[in-house]
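# mind looking at a prediction? Sequence and model below.
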Amino acid sequence: MADELVEREVAAEQTFVDRVYRQLEQAGVAAQQLAREGHSRGRLGHEGGLVERDAMVFQAAKRIAQLDAAHEGLVFGRLDLDAAIDAAPRYVGRIGLRDDDHESLLIDWRAPAAAVFYQATAAEPHGVLRRRVLRSTGRRVVGVEDELLDADGIAAAEEQGRELPIVGEGALMAQLSRARDRSMHSIVATIQAEQDKAIRAPSRGVVTISGGPGTGKTVVALHRAAFLLYTDRQRYERGGVLVVGPSGVFMRYIERVLPSLGETAVALRSLGEVVDEVRATRHDEPAVADIKGSARMAELMRRTARQQAPGSPREFRVFWRDDRLVLDRGKLGQVRRQLMSQGLRNKQLPRVSHALLDALWRQVRGERGREQGRERFNEDMLSRDDFLDFALAWWPPLDAPTVLCWLRDPEFLARVAEGLLSGEEQRLLLKTWADLDPSRPISPQIAIEDVPLLDELRYALGDVPQKADDERDDPIALIEGAVDIQELMTASDREFAPSGRAWRPPVSSIEDDGYAHVLVDEAQDLTPMQWRMVGRRGRTASWTIVGDPAQSSWPVPAESDAARAAALERKQIHSFHLSTNYRNSAEIYAHAAAYAERVGLDADLPDAVRRTGEEPVAVELPADASAADLEAATRAAVLDVAGRVSGTVGIVVPVARRSEVNAWLASWPELAHDAAGARAAIDSSVAPSGDDRVVVLTGLDTKGLEFDAIVVVRPQEIEDESATGRATLYVVLTRATQLLTTVG
Ligand SMILES: Nc1ncnc2c1ncn2[C@@H]1O[C@H](COP(=O)(O)OP(=O)(O)OP(=O)(O)O)[C@@H](O)[C@H]1O
């Protein structure tokens with residue numbers, strides 16, 4: 001009987017869903033027609049606007065269908081309201097859709113009319129009698145999950161002949177228990193009331209979202225990005241939305257959420273990719289990362305950007321008429337200081353030749369020379385290769401990678417680091433910079449921690465001014481300094497560039513860095529230097545900042561707080577807090593919370609709502625256990641959990657054991673062929689392919705991710721690995737949805 005009832009309800013919903021898809025196909029036809037007409041009609045008045053909207057809806061729906069056919073349907077929610085409000089059901093979907101009469105058929109989840117779907121509770125039903133979530137596979141409805149919000153209301157409705165049965169076990173629990181795969185999924189169907197408030201917060205100033213592990217901070221922030229695009233598409237599409245997360249692995253984990261909501265106009269960048277055209281993927285060791293992240297590096301970069309280019313000429317001599325003119329160190333020093341005082345280094349390029357000519361002209365004393373005058377002098381000088389070569393070699397246009405490479409020289413570093421860095425700190429930095437080579441692309445040579453330094457240099461150097469085309473052959477423009485830098489560099493490069501690399505202007509300009517909205521995830525981990533870098537992208541933006549201080553891996557929180565405050569200037573802050581852990585089973589989270597308490601982390605402890613009956617398992621090895629014992633115990637643990645969950649398994653290891661454990665995995669035949677088809681991925685940092693179910697990660701790699709099962713190898717070593725090892729281990733212990741085993 002109960003099954004029959006469910007079947008009947010599912011069939012009824014299928015009828016509606018079929019209608020939605022038919023309507024969508026019509027939108028598709030309209031969209032194609034629009035494309036054929038070259039958009040000419042789209043801009044004309046009311047009718048054109050409607051056709052254009054059809055096209056947009058169709059495109060968004062196509063993207064969603066491609067991405068999520070196997071998981072989530074376009075239509076996911078239904079509300080039955082008090083007849084006094086509306087006796088007809090209202091449907092909520094990932095996009096909005098109208099029928100032929102332009103009446104609403106499906107409400108976009110972000111529209112004000114859909115808010116009640118998320119905000120109604122039994123205590124405050126807002127006129128909602130029943131909330132229903134439709135579970136679908138592609139176009140097929142496979143189940144419904146109902147929630148009763150107003151029992152008296154339903155009884156009254158049934159008296160009036162409306163049938164509103166309650167079926168299913170609750171959408172949230174069904175959603176939370178599903179097996180995890182390699183991607184984060186959208187939660188549109190089950191957004192909870194406290195999350196909805198953060199998603200729909202007005203877009204002014206800064207919205208902060210805090211909460212303990214697994215409370216949905218990341219997924220909520222992404223839905224907020226989609227909400228902002230919906231509410232003010234023009235502004236956010238034109239200005240851009242930047243989402244910054246901790247790692248490439250994390251960005252790949254979250255990259256499907258926004259497209260599955262129909263949004264693609266968002267830049268997802270890991271901290272190693274925030275600067276255009278730069279892509280760093282590896283971390284420095286913790287001691288080096290701590291130095292490179294500290295606010296002192298801003299001063300170091302400022303000083304570096306003001307140094308004379310190593311290897312540049314220090315003197316210029318020329319005969320003109322009856323005079324021997326000399327620019328020696330002292331005179332050049334004066335010109336340098338004068339130019340530097342006028343603004344950013346590259347911005348002075350157009351003034352360089354003029355300033356040098358001034359200094360030379362002051363030395364012209366002979367009668368013949370004075371009589372011929374300054375104009376003639378300028379013309380003569382500017383037609384001499386030796387003068388132009390000198391000018392450009394002495395004050396070359398500089399890009400940030402070239403200047404960063406200056407720091408590989410110990411003497412240079414000692415000079416600029418005076419009073420800023422200890423000898424030991426300089427030694428640690430040199431270890432990572434000694435092999436920098438300015439003639440090779442910079443990205444593969446640098447660590448994630450170097451990227452903010454490059455950005456700092458970009459801003460300290462300034463952009464190289466572009467020369468207007470009509471000034472090309474104008475000698476006056478040349479004197480004014482509008483030299484064609486590219487052409488002249490070719491000559492001077494031959495002599496002065498370290499390896500003959502011709503200088504090219506960077507493609508990106510610091511003026512193009514700004515976004516309309518900046519969303520920072522795992523914000524507790526940003527170093528002061530990273531805050532400065534991200535801050536530059538959001539000077540005029542609204543912000544969403546997401547984090548949990550107890551999960552922080554930055555050792556000097558006060559320094560970071562100051563940098564964060566500076567990045568946000570005096571923007572108004574609206575704070576939201578999430579209090580339910582949707583990831584971990586209650587058993588796993590109790591274990592992690594007890595750990596946090598034991599080691600003295602000041603953790604924000606959310607409630608975990610889902611019980612599985614599976615307690616975490618601790619496998620204890622004797623202190624003198626051999627490598628073979630550790631491997632055997634790890635293998636047993638991994639095979640055990642891999643056999644009991646159908647989704648992903650993470651093996652978390654100390655950094656120093658990473659390659660060792662990867663080698664083990666490669667030699668375990670069971671893993672390659674286990675019953676559930678698990679295949680070992682070799683090392684997460686090389687981007688395992690999509691169907692790999694088992695991955696090896698270090699503690700820091702796990703930030704923001706989740707797995708059905710986690711096996712932690714030697715947790716004590718992870719804790720001892722860095723100054724913030726306890727927080728890292730706490731992160732690791734909060735990654736599993738179903739099973740947690742530690743092998744210690
Ligand atoms: N309302 C919801 N409905 C269904 N699933 C949810 C909901 N809220 C969160 N989740 C799920 O809970 C898990 C944790 O979410 P998320 O990763 O966003 O949490 P977080 O607060 O960023 O975690 P952490 O700080 O530990 O990295 C995800 O699988 C997410 O899909």
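Now that the structure is in, tell me what you want to look at. What you are looking at is a predicted structure, and each value in this text was computed from that prediction instead of being measured.
# residues from the stretch 501-650 of the chain in reach of the ligand?
Proximity of the stretch 501-650 of the chain to the ligand, by C-beta under 6 Å from any ligand atom, involves residues 548, 582-583. C-beta: built from backbone N, CA, C; applies to glycine.
# which strand residues bridge the nearest residue to residue 612 once chain neighbours are set aside?
Beyond its immediate neighbours in the sequence, the residue positioned closest to residue 612 (C-beta to C-beta, 6 or more residues apart in numbering) is residue 585, lying 4.2 Å away. Note on residue 585: beta-bridge partners by DSSP bridges are residue 610.
# distance check, residue 585 against residue 94.
Separation of residue 585 from residue 94 (C-beta to C-beta, to the nearest Å): 29 Å.
# do residue 7 as well
The gap separating residue 7 from residue 94 is 25 Å, by C-beta to C-beta.
# tell me the mean pLDDT over the longest helix seen in the chain?
Looking only at the chain and at elements set by DSSP state H, the helix with the highest residue count is helix 2-36. Mean pLDDT, helix 2-36: 84.
# give the buried residues for it.
Judged by neighbour count (16 or more other C-beta atoms under 10 Å), helix 2-36 contains these buried residues: 9-10, 13-14, 16-17, 19-21, 23-24, 27-28, 30-31, 34.
# that helix: how far from the chain's middle?
Counting by C-alpha atoms, centre = their mean, to the nearest Å, helix 2-36 is centred 35 Å from the centre of its parent chain.
# stretch 604-612 now?
Stretch 604-612 sits 27 Å away from the centroid of its parent chain (C-alpha atoms, centre = their mean).
# other residues contacting that stretch?
172-173, 176-177, 210-215, 548-550, 578-590, 593, 596, 738 (C-beta atoms under 8 Å, 6 or more residues apart in numbering).
# sorry, back to before: give me the number of residues near the residue nearest to residue 612?
A total of 25 residues lie near residue 585 under the criterion other C-beta atoms under 10 Å.
# distance of it from residue 694?
Residue 585 is 20 Å from residue 694, where distance means C-beta to C-beta.
# now do the phi/psi pair for the spatially most central residue of the chain.
Per C-alpha atoms, centre = their mean, the C-alpha nearest to the average position across the chain is that of residue 244, at 2.2 Å. Phi and psi for residue 244, reported as degrees, to the nearest 10, are phi -110, psi 130.
# residue contacts, the closest residue to it other than its chain neighbours?
Here the nearest residue to residue 244 in space, its sequence neighbours aside, is residue 520; by C-beta to C-beta, 6+ apart that works out to 5.0 Å. Applying C-beta under 8 Å, 6+ apart, we find residue 520 in contact with 244, 526, 534, 543-547.
# just the ones of those residues in helices?
The helices, defined by DSSP H, take in residue 534 from the contacts of residue 520.
# which one of the contacts of residue 520 is nearest to the ligand?
Distances from the ligand to the contacts of residue 520, taken as C-beta to the nearest ligand atom, are shortest for residue 546 (6.7 Å).
# what residues does the protein put near the ligand?
Contact residues, the chain versus the ligand (C-beta under 6 Å from any ligand atom): 172, 175-176, 187, 190-192, 195, 211, 213-219, 548, 582-583, 704, 706, 734.
# check the stretch 601-744 of the chain for the residue nearest the ligand and tell me.
In the stretch 601-744 of the chain, no residue comes nearer to the ligand than residue 704, which is 4.5 Å away by C-beta to the nearest ligand atom.
# which SSE is the residue nearest to that residue when sequence neighbours are not counted in?
If you skip the residues right next to it in sequence, residue 704 has residue 250 as its closest partner in space, 4.6 Å away by C-beta to C-beta, 6+ apart. Residue 250 belongs to helix 248-254 when elements are defined using DSSP states H and E.
# who are the packing partners of that helix?
For helix 248-254, the packing partners by 3 or more C-beta pairs under 8 Å, 6 or more residues apart in numbering; DSSP states H and E come out as strand 241-245, strand 266-270.
# switch those over to a markdown table; also include distance to residue 113.
Converted to a markdown table, the helices and strands packed on helix 248-254 look like this (distance: least, C-beta to C-beta, whole Å):
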| stretch | distance to residue 113 |
| --- | --- |
| strand 241-245 | 24 |
| strand 266-270 | 24 |
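# single out the most deeply packed of those.
With neighbours defined by mean count of other C-beta atoms under 10 Å, none of the helices and strands packed on helix 248-254 is more surrounded on average than strand 241-245, at a mean of 25.
# got the contact list for that one?
Counting by C-beta under 8 Å, 6+ apart, the neighbours of strand 241-245 from elsewhere in the structure are 218, 221-222, 225, 228-229, 251, 254, 265-271, 274, 515-522, 534, 537-538, 541, 704.
# low pLDDT regions in this protein?
Residues of the chain meeting the criterion pLDDT under 70: 1, 30-72, 466-507, 671-691.
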